[in-house]
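Engineer: Dropping a prediction and its sequence here:
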Amino acid sequence: MKRLTALTALVLFVAAAGLAVAVAVDRFPRGVSVLACLVGAVAAAWWGLVRTGAARVVGFGVAALLAAGAVALLVLQGGLLWNLLVLGGFVLALGSTRRAFARHERLPEAQRPQHPVLFYNPKSGGGKAERFHVADEARARGIEPIELHLGDDLVALVEAAVARGADALAMAGGDGSQAIVAAAAAKHDLPYACVPAGTRNHFALDLGVDRDDVVGALDALVDGGERRVDLAEVNGRVFVNNVSLGVYAEAVQQAGYRNAKLRTLADTAPNVLGPGGDGLDLRWNGPDGEECRSGAVILVSNDPYRLGLALGTGSRPRLDKGQLGVAVAGAGNGSHRERWREWSTQEFEIRSDGPVAAGIDGESARLEPPLRFRPRPGALRVRIAPQHPGASPSASIPGTPVKGLAGLTAIAFGRALSA
């Protein structure tokens, strides 16, 4: 089946690419004007984003006009159908590629716990725990469910459960709550299961938990396999995904962020990135040892993310590398600035002259400088349900398009993938 899927992806890529070339040649140079409109729209939108008042209205207005112009050109030139076919071909090819590279990890068998405890937030993820009757499903599997209420101290509840004899812990909720329960499980060397009942469930994705199977994730504490993964910390506080500093971190501090995320981010951007903004008082040493400052965003993650244009971007291929991933937008020193920079490291420190706004696994916080980041290699014993993948979706996907095509070819013709 994998060979057929890989062969289908290759055929779709070749067909879409060939059609794209044919359309470009047939409509040259009219297609250049469409591309110019799209590039101009992106530039105008960015210009408006980092400004306020009338300047923002003008920037967004120009961006909208240029985007509408690109669509109009496609329609008037009669090439809309062909362009949609090209786009559809590439979308289908990417979907087939994901399936061809998908893998199911066979994890070592683990002994079933005698007193597993599940903590669940009934409001998280739009009420997923209630919608899927997680508490009832947990009881049917011999797992004690504990509901979280507004104002509860999750750390205290977890410690109390361990004191009563809990020998495995699970959390059904957002990644901020997952980090708290995971930290307690690591502290007491207990098995931990991630139940994807949050909004985005980033940690579940990279662990290899099927985010569409909330109830099935409970089977991790019945007959699931076990492996060790990393945690990371900043100033002693554990995080499972990442710590964001900059525009997003400043936005999550605002009272209205939860109810109007996009509007809050848009209102925050000019204060950080705009020509009259305060910028970020953040200093650190890059991989070359040179001191740098940030003008936009810093992301420090528990193991490196795959970022860029490759398949699987936005996820972490592995959670057992024992490293921090660092990605910085607007890094620089003096007049020299880089738009984007990323690297891996065993430790990272950020200095500032005052408290630093941070988004820790999506939760707002203010940290006292210096911010000291370090990994905790293999700290967490994680259990995964046997029917779930058990590996990140990007675990077996090559990191570049060229390597991806080579990998598809190898699968399609029954050859082993190179490391």
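Structural biologist: All right, it came through fine.

Engineer: Check for me that residue 359 belongs to a strand.
Structural biologist: Yes - Residue 359: assigned to a strand according to DSSP: H, G, I helix; E, B strand; the rest coil.

Engineer: What's the end-to-end length of stretch 108-115?
Structural biologist: Start-to-end span of stretch 108-115 (CA to CA, to the nearest Å) is 21 Å.

Engineer: avg pLDDT for it?
Structural biologist: Across stretch 108-115, the average pLDDT comes to 95.

Engineer: What lies in contact with it?
Structural biologist: Residues from elsewhere that reach stretch 108-115 (CB atoms under 8 Å, 6 or more residues apart in numbering): 144, 164-168, 191, 221-227, 383. Heads up, the C-betas are built off the backbone N, CA and C, glycines and all.

Engineer: Kindly indicate which of those residues lies nearest residue 371.
Structural biologist: For these, the minimum distance to residue 371 (CB to CB) is 29.4 Å, reached by residue 227.

Engineer: Show me the contacts of stretch 108-115 that map onto helices.
Structural biologist: Using DSSP state H, 221-223 are the members of the contacts of stretch 108-115 that sit in helices.

Engineer: among these, who's most crowded?
Structural biologist: residue 221 (27 neighbours; other CB atoms under 10 Å).

Engineer: Next, the residue most central in space within the chain: phi, psi?
Structural biologist: Ranked by distance to the mean C-alpha position of the chain (CA atoms, centre = their mean), the top residue is residue 314 at 4.5 Å. Taking degrees, to the nearest 10, you get phi 90, psi 0 for the backbone angles of residue 314.

Engineer: Which residue, other than its chain neighbours, is closest to it?
Structural biologist: Excluding the flanking residues, the one nearest residue 314 by CB to CB, 6 or more residues apart in numbering is residue 305, at 6.6 Å.

Engineer: The one you found: what secondary structure?
Structural biologist: coil.

Engineer: pLDDT wise, what is it at?
Structural biologist: For residue 305, the model assigns a pLDDT of 92.

Engineer: and it, how many neighbours does it have?
Structural biologist: Neighbour count for residue 305, taken as other CB under 10 Å: 22.

Engineer: so where do the strands sit in the stretch 201-350 of the chain?
Structural biologist: Using DSSP state E, counting those that start in this stretch, the strands found in the stretch 201-350 of the chain span residues 225-234, 237-239, 242-246, 283-285, 291-293, 297-302, 324-333, 336-345, 348-350.

Engineer: so can I have CSV of those showing mean neighbour count, mean pLDDT and distance to residue 128?
Structural biologist: Listed next are these as CSV, based on neighbours: other CB atoms under 10 Å; pLDDT from 0 to 100; distance: least, CB to CB, whole Å:
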stretch, mean neighbour count, mean pLDDT, distance to residue 128
strand 225-234, 20, 98, 23
strand 237-239, 22, 97, 22
strand 242-246, 25, 89, 22
strand 283-285, 18, 90, 38
strand 291-293, 16, 84, 41
strand 297-302, 24, 92, 24
strand 324-333, 21, 78, 28
strand 336-345, 14, 77, 32
strand 348-350, 20, 95, 34
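
Engineer: closest one to residue 374 among those strands?
Structural biologist: Ranking the strands of the stretch 201-350 of the chain by proximity to residue 374 (CB to CB) places strand 225-234 first, at 6.1 Å.
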